[in-house]
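> 3D model of this:
(2 chains)
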There are 2 protein chains.
Amino acid sequence: MNAHVMDPVRPTVAATGRRAPSAELLAALRGRFAARLSTADSVLLQHGSDESSYRPQPPDAVVFVHDTAEAAFVVKACAAERVPVIAFGVGSSIEGHLLAVEGGVCIDFSQMNAVLAIRTGDLTATVQAGTTRNQLNAALAGTGFFFSVDPGADASIGGMVATAASGTNTVRYGTMRDNVVSLAVVTAQGEVIRTASHARKSSAGYNLTQLFCGSEGTLGLITEATVRIHPHPEVVAAAVVHFPTVRAAVDCVIESIQLGVPLARAEMLDALTIQAVNAHSRTALTEKPTLFLEFAGSQAQIDEQAAVVREIASGHGGGAFQWASRQEERSRLWTPRHHAYFASLQLKSGSRSMTTDACVPLSALASCVEETLDDIAAHGLLAPVFGHVGDGNFHCLVLVDPDAPDEVAAAEAFSHRLVQRSLRHGGTSTGEHGVGLHKMQYLVEEHGAVAVALMRSVKRAFDPQNIFNPGKVVSFG
Amino acid sequence: MNAHVMDPVRPTVAATGRRAPSAELLAALRGRFAARLSTADSVLLQHGSDESSYRPQPPDAVVFVHDTAEAAFVVKACAAERVPVIAFGVGSSIEGHLLAVEGGVCIDFSQMNAVLAIRTGDLTATVQAGTTRNQLNAALAGTGFFFSVDPGADASIGGMVATAASGTNTVRYGTMRDNVVSLAVVTAQGEVIRTASHARKSSAGYNLTQLFCGSEGTLGLITEATVRIHPHPEVVAAAVVHFPTVRAAVDCVIESIQLGVPLARAEMLDALTIQAVNAHSRTALTEKPTLFLEFAGSQAQIDEQAAVVREIASGHGGGAFQWASRQEERSRLWTPRHHAYFASLQLKSGSRSMTTDACVPLSALASCVEETLDDIAAHGLLAPVFGHVGDGNFHCLVLVDPDAPDEVAAAEAFSHRLVQRSLRHGGTSTGEHGVGLHKMQYLVEEHGAVAVALMRSVKRAFDPQNIFNPGKVVSFG
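Reported below is the predicted structural model:
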């Protein structure tokens, strides 16, 4: 069992041999980057921390790059000394992706956030990797188009590519995998490649784009991304409806999808999450499993879709639909969903959350969530549950006192059981958060030893010195 | 310049060292497969031929497998002697994928075509690799679901995964890449892996599914595939409308997509193709660039979509829409599109077609097609043009007398210029037909030498003995 499993909330990952940059390397970086190279403790600490429950593991230096050539310069310099290189977007990882477990140089992309091109004629945009999704959407304002992937945090698009992120409107617009067209990547030798043309489809050779997407900074450094953009729907309408059981809520969404209703969002909050929101926002929502839905299209299309979903919901004992169409009303109606995370944390003062990420085939979702709720009850855990029902993906926020070792151990044991349950239902250990440090232990169980050996052979082929984000995704040795 | 470029229509690929199976290997295969191993000349010839213009290159033996374990047995036996293994679906490749340029054993999947599972609750189906798309759709009859990818030929699903195929309804339902969930693959060591769970999304490690998809049998042997299935739309309506110019027809489709109209199909036939169809089918279509459209959804949705497209078409000088809703009427209306290939061949008796596969960003499509039509005219070629306009993908059928070396050379020179033009417009050398033998020469130009070297490193990592379909996609040496 890994060290971080023993103490999952504030663990220290076992040191695996630190590879610090030499004074000469730091001098070379300072020569090129001047004040954009930092070794200040506070900066190192910030860049060795993410939203996970791991103890920080700071890098030895942080470089704030402005373009691909600068990133390539850093990689070349580090490769010469076999010093680790870790990409940093906004630090919103929750699986320990960013921790400098072997030290090294962190490349911060936050100042490399130009929107390089918006091509409404091609339905694509090209951004530097540090551009956040909100920054891209701000740049798209007035064009009639938007970037769809919404993982909650205002993550960098480079980071979202690296973890194959998704979020609330995946059910309609797809994951990051479905929305990435082409990447600029710095290789372990410090060379720059483009993974694909800007054609909407291609059969020209092995799919490097999809190989880097989800590689979590371990195969190359993603410096630019061309992504799909989508036309704004004419009308968007939001609806909220509660159900007697989680199964009823889940089945309502799945039957709608089976009938071809193109739901724009379909989020479920369990009764405890609604209770947390009521306490947090002084609302008076019925404390039952609740769907937050969004429909998009013309008014006639929405009316049709809504009629179908209403009828299905009614068959599952769904309550009355609350509706909103205007932007402000929709935001208000969806507030409970947006506040779910912070409201949940306040269920237990001083608590931290350990967030799970099971994703199973649609037909197994209701059972998997039910079994998980039973597990939470049986073990006396405090864990609101909510999920992207249309994708089969749900999250439990297990609330623990980080200084209570028994709570921490119970949370980790729960997470372990949940991963096993997800795999047993034909699902995955992580639907959208990525492997990082936390899910490495499950890759063999999920994919088999031979498949993981193939993954490792890709890592060795692309990064023979193991300089890119070492200790993440697959072990090198 | 490669040998096949010198004589592109009926070329012989230069021998690169034949690796024939030993008598012992053949005996071992015969011991396991009995009459399902064939070395009959006619069988070898059939399995060394595809729909491309290359001269056949027969393998040394053909094995008709029934399941994954049998395929693994063949791979293990061949690996022990470093004998090539070539997967064969239905032989519909048009880029020379199947040619046994170094000899070896061909694995024919046509008898391995069971539909293993249909999961309407998950919107997936699992098939053995030899299952054709029509076989899967026949198995889906009555379920309310269908498999969407339609490349024209009744290809095997294994072959469609291997080439990342697409086709006429990609604009709505995506390519094979978008529709593959998980694969069973035999590795070069004869071991069997599953590339992913059946969850709709996952961030658990490197994306092996997408790496094998489009690998053309060079990284592993795809033996089973889990694919997405889609609910049948309530209503389907077909429309045909002609335009004064190719640009007008293309712009009509692109503007519709920009407005979010979810076209189910959008095919363009140029004036010469319509002329060919009129001659072939004794129809009297206006011999102008023509769109064949399909709309899907509820009647109200279709009416809305149609109204939008009509208005756009009118702004581009489009003629009157002809409509059809009932299945038989739709088929009749679309007959010209379905007959485009064979009708085109009859424009020149005794001719063969060299088919191109350019795919460019949407905004470049009209210019790229116009320049291509100018090129065809300037060089006096006979080449009907039609395409999947919503994907930026179009095909030219260059009709040549295979025994006239000057015509053959002119066709190949045209193909070369077209690839250059596609790349210049930000596109790809192959949108959906794959690399095979024919497009290998363009990979470096399209992706750059460093990216192709990464692809080659994947090939070496997965298949260190170069037994899987050697001589295709990337060179090994």
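> so who does the residue in the stretch 301-450 of chain A that chain B sits nearest to touch?
Taking CB to the nearest CB, chain B has its nearest neighbour within the stretch 301-450 of chain A at A:Ser363, 3.1 Å off. No exception for glycine: its C-beta is placed from N, CA and C like everyone else's. Counting by CB atoms under 8 Å, 6 or more residues apart in numbering or on different chains, A:Ser363 touches A:254, B:119, B:121-122.
> cool, A:Leu333 as well?
A:238-240, A:292, A:322-324.
> and these, which are buried?
For the contacts of A:Leu333, a neighbour count by 16 or more other CB atoms under 10 Å in any protein chain shown gives the buried set as A:238-240, A:292, A:323-324.
> residues in contact with stretch A:463-477?
The contact list for stretch A:463-477, computed with CB under 8 Å, 6+ apart, reads A:13, A:16, A:75, A:78-79, A:82-87, A:96-97, A:101-102, A:104, A:188, A:215-221, A:435-437, A:440, A:443, A:452, A:455-456, A:459-460, A:462, B:205-206.
> Out of the buried ones among the contacts of A:Leu333, name the ones that lie in strands.
With DSSP state E as the criterion, strands contain A:238-240, A:292, A:323-324 from among these.
> got the residues you listed as JSON lines, with distance to B:Ala306 and pLDDT columns?
Below are these laid out as JSON lines (distance: CB to CB, whole Å; pLDDT from 0 to 100):
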{"residue": "A:Ala238", "distance to B:Ala306": "28", "pLDDT": "96"}
{"residue": "A:Ala239", "distance to B:Ala306": "28", "pLDDT": "96"}
{"residue": "A:Val240", "distance to B:Ala306": "33", "pLDDT": "96"}
{"residue": "A:Phe292", "distance to B:Ala306": "33", "pLDDT": "97"}
{"residue": "A:Trp323", "distance to B:Ala306": "28", "pLDDT": "94"}
{"residue": "A:Ala324", "distance to B:Ala306": "30", "pLDDT": "94"}
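> May I ask which two of those residues are separated the most?
A:Phe292 and A:Trp323 (12.0 Å; CB to CB).
> okay, and the common contacts of those two?
With CB under 8 Å, 6+ apart as the test, A:Phe292 and A:Trp323 both reach A:238-239, A:333.
> in the stretch 51-200 of chain A, which spans are strands?
A:61-64, A:85-88, A:105-108, A:115-119, A:124-128, A:145-146, A:180-186, A:192-194 (DSSP state E, counting those that start in this stretch).
> Next, format the ones you listed as TSV and append mean pLDDT and mean neighbour count.
Formatted as TSV, these follow (pLDDT from 0 to 100; neighbours: other CB atoms under 10 Å in any protein chain shown):
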stretch	mean pLDDT	mean neighbour count
strand A:61-64	98	24
strand A:85-88	98	28
strand A:105-108	98	26
strand A:115-119	98	15
strand A:124-128	98	24
strand A:145-146	98	20
strand A:180-186	98	25
strand A:192-194	98	20
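> between the ones you listed, which gets nearest to chain B?
Nearest to chain B among the strands of the stretch 51-200 of chain A is strand A:192-194 (4.1 Å), distances taken as CB to the nearest CB.
> which helices and strands does that closest one pack with?
Where contact means 3 or more CB pairs under 8 Å, 6 or more residues apart in numbering or on different chains; DSSP states H and E, strand A:192-194 is packed against helix A:68-81, strand A:180-186, helix B:449-462.
> Put together a markdown table for those, with distance to A:Ala410 on each row.
Formatted as a markdown table, these follow (distance: least, CB to CB, whole Å):
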| stretch | distance to A:Ala410 |
| --- | --- |
| helix A:68-81 | 41 |
| strand A:180-186 | 38 |
| helix B:449-462 | 41 |
